[in-house]
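**Q** this is a predicted model, with the sequence first.
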Amino acid sequence: MLLDDALRAAPLVRELDGPVVDVGSGGGSPGIPLAFELPDREFTLLEAERRKCDFLERWAPPNARVIWGRAEEQEPETYGVALGKALAQPPVAAEWTLPLVRLGGAAILWLGPTADLEAVAKVSERLGGGVPEAHGGLVVLRKLAPTPEGFPRRVGVAKKRPLA
């Protein structure tokens, strides 16, 4: 079930160019299954907890590297695709993923049917993203404009003071 859920994003990732970052990789899904499915793509498994990074390093395929850190500490507009599954409330997940994506790329979020897409749309617009596109439980936020000055905000700010 977890594998199938992760691999649902493979066609969307294939449409986009550039390296992929799985923000808050945790137990490795969706990053590790997608890295195996797309061996020609470069993946970064970004995780804030050192213990989880140790686990990820043991299971990551050759095309995936593990970074111990937070989304807010990463260089903005570095990746073609940012993945966010079970990361945070949807507006916060959008704020953590979209700044990492370069123009022409996209953030892909796994969201439930009750997710507030209006709130996600407000965050997306503020960070240079487009209108959320629903793809059967996945939401794609395409990067249309550069990340504004001041983003990403400092560690913890997005969760304490969400944009939406």
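**A** In hand now; what should we look at?

**Q** quick one: pLDDT of the residue sitting furthest away from the middle of the chain?
**A** Using C-alpha atoms, centre = their mean, the residue of the chain lying farthest from its centre is residue 58. It sits 21.5 Å away. On pLDDT, residue 58 comes in at 96.

**Q** which SS state does it fall under?
**A** helix (DSSP: H, G, I helix; E, B strand; the rest coil).

**Q** and what of the one 3 residues further on?
**A** The assignment at residue 61 comes out as coil when based on three-state DSSP.

**Q** can you pull out the strands in the chain?
**A** Assignment of strands within the chain using DSSP state E yields the ranges 20-23, 43-47, 64-68, 79-85, 101-110, 133-135, 138-142.

**Q** to residue 126, which of these lies closest?
**A** The minimum distance between residue 126 and the strands of the chain falls on strand 138-142, with 11.4 Å, by C-beta to C-beta. Quick note: C-beta positions are derived from backbone N, CA and C, even for glycine.

**Q** how far off strand 101-110 does the closest one point, in degrees?
**A** 170 degrees (axes from the mean of the first three to the mean of the last three C-alpha atoms, to 10 degrees).

**Q** and strand 138-142, what's buried?
**A** Of the residues in strand 138-142, 138-142 count as buried by neighbour count, 16 or more other C-beta atoms under 10 Å.

**Q** and which of the residues you listed is nearest to residue 107?
**A** residue 141 (4.4 Å).

**Q** ok, that closest one touching residue 107?
**A** Yes - Residue 141 is in contact with residue 107 according to C-beta atoms under 8 Å; the separation is 4.4 Å.

**Q** and for these two, which residues touch both?
**A** By C-beta atoms under 8 Å, 6 or more residues apart in numbering, residue 141 and residue 107 have these common neighbours: 94, 97-98, 129.
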